[in-house]
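**Student:** dropping a prediction and its sequence here:
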Amino acid sequence: MQNIDRHVDLWELFPFTPEVGYLGLTIVSFFGSLIPFVPIPSFVLVATMAVGEQFDIHVLVVIAALTSTVAKQIIFYASYGGRKIISEKTKKRMLPFQKLVKRYGGSAAFVAAATPIPDDLVYIPLGLAKYDPKRFFVATLLGKFVLYYVIVLISHYMGLSLLEPVLQEIDDPLPVYIGIIGLGVAMTVVVILLLRLNWEKILGRIAPWTLEDDDNNNQN
């Protein structure tokens, strides 16, 4: 009797096919990026669509970068407005962190966007610290362009060979979904902890300039 070793196919993990076209990519990229801390891998769809000549790789990058940036901007604004419901005690604790973020926020947003990390872990604190929305948008968009160009170019010229070793180790998609949800919960806990930390004590040791009083610290 023949023994067939079954592995999960890519589309069992990601319920879309390349035939969904540019519109499908737009929908997946936007809504996938709109859910905080739950990494729906739209980059997998982008990578798959980049293989071969069916789709223009530059159009793929533009769609993915723009839609994901717009979604992250919404998350940023939600965090920006969410500062109003934070207690005055928490705001005071966050003042040093707010100053640190405002100085390095653009670089942090760019790095978070240009790398496949849980970027909301950076974006939500940026919103809470009232970082400049225009600078956030530009930094995030540039970072997303870098990320998706890397993904698209590698996939276009190397195919899906980079994903095959990963898929060969998976025989059931359920643990993958559980892992995604678990990561989302963990990242949410991290943000809550960020709000509860004593930033005066932490940054007073490594960045004492954040404790200096100035007019920017009085923003609510």
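**Tutor:** That came through fine.

**Student:** quick one: contacts for Arg93?
**Tutor:** By Cβ atoms under 8 Å, 6 or more residues apart in numbering, Arg93 lies in contact with Leu195, Arg196, Leu197, Asn198, Trp199, Glu200. Any C-beta I mention is one placed from the backbone N, CA and C, and that applies to glycine too.

**Student:** now the buried members of those.
**Tutor:** Buried by 16 or more other Cβ atoms under 10 Å: Leu195, Trp199, out of the contacts of Arg93.

**Student:** would you mind giving the contacts of Arg93 as CSV with distance to Met158 and secondary structure added?
**Tutor:** What follows is the contacts of Arg93, written out as CSV (distance: Cβ to Cβ, whole Å; DSSP: H, G, I helix; E, B strand; the rest coil):
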residue, distance to Met158, secondary structure
Leu195, 42, helix
Arg196, 44, helix
Leu197, 42, coil
Asn198, 48, coil
Trp199, 44, helix
Glu200, 49, helix
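
**Student:** including distance to Ala114, could the contacts of Arg93 go into CSV?
**Tutor:** Converted to CSV, the contacts of Arg93 look like this (distance: Cβ to Cβ, whole Å):
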residue, distance to Ala114
Leu195, 26
Arg196, 29
Leu197, 26
Asn198, 31
Trp199, 26
Glu200, 31
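
**Student:** all helices for the chain, in order.
**Tutor:** Along the chain, the segments classed as helices by DSSP state H run 10-13, 21-34, 42-50, 57-82, 88-114, 120-128, 133-158, 164-167, 174-196, 199-206.

**Student:** relative to helix 21-34, how tilted is the third one?
**Tutor:** Orientation of helix 42-50 against helix 21-34 (axes from the mean of the first three to the mean of the last three Cα atoms, to 10 degrees) gives an angle of 160 degrees.

**Student:** helix 42-50 versus helix 57-82: what angle between them?
**Tutor:** 170 degrees.

**Student:** quickly note the distance from Thr90 to Ser33.
**Tutor:** 27 Å (Cβ to Cβ, to the nearest Å).

**Student:** so if I had to pick from those two, which one is more boxed in?
**Tutor:** Remark: of Thr90 and Ser33, Ser33 carries more neighbours, 24 against 13, as counted by other Cβ atoms under 10 Å.

**Student:** contacts only, for the more buried one.
**Tutor:** With Cβ under 8 Å, 6+ apart, Ser33 has these contacts: Ile40, Ser42, Thr67, Ser68, Ala71, Lys72.

**Student:** returning to what we had before: closest one to Glu212 among the helices of the chain?
**Tutor:** Nearest to Glu212 among these is helix 88-114 (8.2 Å), distances taken as Cβ to Cβ.

**Student:** and the closest one, how far from the chain's centre?
**Tutor:** Distance, stretch centre to chain centre, for helix 88-114: 16 Å (Cα atoms, centre = their mean, to the nearest Å).

**Student:** next, the buried residues of it.
**Tutor:** Quick answer for helix 88-114 (16+ other Cβ under 10 Å): 91, 93-102, 105-106, 108-114.

**Student:** count the neighbours of Ser87 for me.
**Tutor:** 9.
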